[in-house]
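Student: Quick one, structure for this:
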Amino acid sequence: MTVFVDTSAIFSSLDADDKFHSQSLSAWQNLTGSGQVLITSNYVVLEAISILHRRLGLEFVRKLNDLITPLLSVEWIDEELHRLAVSAMLHYSRSKVNLVDYSSFLLMWRLNIQEVFTFDKHFKDQGFDVIP
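Tutor: All right, here's what the predicted structure looks like:
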């Protein structure tokens, strides 16, 4: 089975002060131990790097690069998917749902992925099965 990994799962696993930290670590162990295929997008990686750098510092970007990224298959958002995500964001005008989320939804639908490792409620709102 394939599971999409969202920014919130990445961040919470690296920030010991995050309220979902222990849940995140447990979910990582379960997912990697069960042989799940873990996929994310280059937009998620970029967003995670940006948030980690700004909030926790460069050492946490290094941890992402060394410890988490090797566990993931990174799908690149192409021009068509980017345009569709921008159009969806502008059309639905939901201020709490950002471009990375819209691109993630569209990529998951394109790849027929139903499960997502996230703490972001917007994925559940879109009908995806949320882990944990």
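
Student: Count the residues that sit near Ser12.
Tutor: 24 (other C-beta atoms under 10 Å). All C-beta spots, glycine's among them, are computed from the backbone N, C-alpha and C.

Student: do the same with Val130
Tutor: 16.

Student: can you check Val116 too?
Tutor: Val116 has 24 neighbouring residues, counting by other C-beta under 10 Å.

Student: try Ile131
Tutor: For Ile131, the count of nearby residues is 20 (other C-beta under 10 Å).

Student: do the same with Leu107
Tutor: 23.

Student: Now it. Nearest residue, chain neighbours left out?
Tutor: Ser41 (5.5 Å; C-beta to C-beta, 6 or more residues apart in numbering).

Student: Give the helix, strand or coil label for the residue lying farthest from the centre of the chain.
Tutor: Largest separation from the mean C-alpha position in the chain: His91, at 22.4 Å (C-alpha atoms, centre = their mean). Classification of His91 by DSSP: H, G, I helix; E, B strand; the rest coil places it in helix.

Student: where does the residue nearest to Leu107 fall, phi/psi-wise?
Tutor: phi -120, psi 160 (degrees, to the nearest 10).

Student: For it, give its distance to Ala85.
Tutor: Applying C-beta to C-beta, to the nearest Å, the value for Ser41 to Ala85 is 10 Å.

Student: And Asn65, by the same measure?
Tutor: The gap separating Asn65 from Ala85 is 25 Å, by C-beta to C-beta.

Student: would you list every one of the helices in this protein?
Tutor: Along the chain, the stretches classed as helices by DSSP state H are 7-14, 21-33, 42-55, 58-63, 79-92, 99-111, 121-125.
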